[in-house]
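S.K.: Test case, fold it:
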Amino acid sequence: MSTRRIFAQPARYAAIAPYLWMVLFFLVPFGFVLKISLSQTAIAQPPYVPVFDFTEGWAAIKAAFAQLSLDNFKLLVSDNLYLSSYLRSLIVAVTSTLILLLIGYPIAYGMARLPQRWQAIAMMLVIVPFWTSFLIRIYAWINILQHDGLLNTVLLALHLVSSPVVWLSTDTAMYIGIVYSYLPFMILPLYATLSKMDPALLEAASDLGASPQQAFWLVTFPLSLPGVGAGALLCFIPIVGEFVIPDLLAGSSSMMIGQTLWLEFFTNKDWPVASAAAIALLALLVPPLLLYDRLQRRTLEGGR
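M.R.: Here you go, the predicted model:
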């Protein structure tokens, strides 16, 4: 038996594993959520009907399927609570992603230009916040931003303000928390892209008469677009469904969709509407992923 034959079978199993993982941990749970989203709320356990009971036979299952409807999705479109939650989530996610890009790109660019021995230290400094619990870090920001917190103390000591500024329960506090929490997700893919760039390209641009600014916009930035796209998606997608940061740091005047989902699931016990909202949120996030995939394919085809 040849060596190729010996390793062929395990290689096939290894290729199947990712698909099996996706089926078990994404498609199957998604199927349950989709089914609940098509159900109706009931005062029962679980709090929805119909419930599929395969022990009652095929007729009962057919009757349960007949009871499924799109009423919950119609409610999402007609109720301003959900529409405003989706709109606010998208605005917050887009704004936060742009802020993260404006802050993260210079940091990643600087890291990529450091001597090799310092790059590992810079990378460690970016990753260090992950070693602390996410919830503890957000509570630390509550202490920093409170009325007599560190931030107001510093501002008063520097005579930049005459009285303590109200930070907590504002959108400013929410954006501070989001940018702080997601900044490493923007920096790391940008650094991975920028660090692989060939310095000879910038030297060639300089030899052809390009200024440093022109070389950046004509050479560096276009080549870093895959990292920009990856970082933007890594930040945008989880921020859209963010719950903890807006719940702890932002005001209660308007909610993001993550807060609305929590309210429907755990306070109102309206699992069908909450499931429909989750399905709609997933549908909103599919187009950016498809767009990124298409741009990546074009980039790969252009590089051949």
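
S.K.: separation between T170 and I176?
M.R.: Here the criterion is Cβ to Cβ, to the nearest Å. By it, T170 lies 9 Å from I176. Yep, even glycine has a C-beta here, placed from its N, CA and C like the rest.

S.K.: Hmm, I typed the wrong one, I wanted S254.
M.R.: Distance of S254 to I176, given as Cβ to Cβ: 18 Å.

S.K.: which one of the two has more residues nearby?
M.R.: For S254 versus I176, the count of surrounding residues by other Cβ atoms under 10 Å is larger for I176: 19 against 15.

S.K.: what residues are up against that one?
M.R.: Counting by Cβ atoms under 8 Å, 6 or more residues apart in numbering, I176 makes contact with W141, L145, W167, L249.

S.K.: Tell me where the stretch 51-200 of the chain has helices.
M.R.: Read by DSSP state H, counting those that start in this stretch, the stretch 51-200 of the chain holds these helices, from start to end of the chain: 58-66, 71-78, 80-113, 116-127, 134-145, 150-157, 171-194, 199-207.

S.K.: can you pull the contacts of the residue nearest the centre of the chain?
M.R.: Centre of the chain computed as the mean C-alpha position; nearest residue by Cα atoms, centre = their mean is P238, 2.1 Å away. The contact partners of P238, by Cβ under 8 Å, 6+ apart, come to Y182.

S.K.: L289 too?
M.R.: Residues touching L289, when contacts are defined by Cβ under 8 Å, 6+ apart, comprise L233, I237.

S.K.: Going by neighbour count, list what's buried in the host helix or strand of it.
M.R.: Using DSSP states H and E, the element containing L289 is helix 271-303. When neighbours are counted by 16 or more other Cβ atoms under 10 Å, the buried residues of helix 271-303 are found to be 271-281, 284, 288, 292.

S.K.: Quick check on Q40: phi, psi?
M.R.: The phi and psi values for Q40, taken as degrees, to the nearest 10, are phi -120, psi 150.

S.K.: could you measure it against F130, distance?
M.R.: For Q40, the distance to F130 (Cβ to Cβ) stands at 42 Å.
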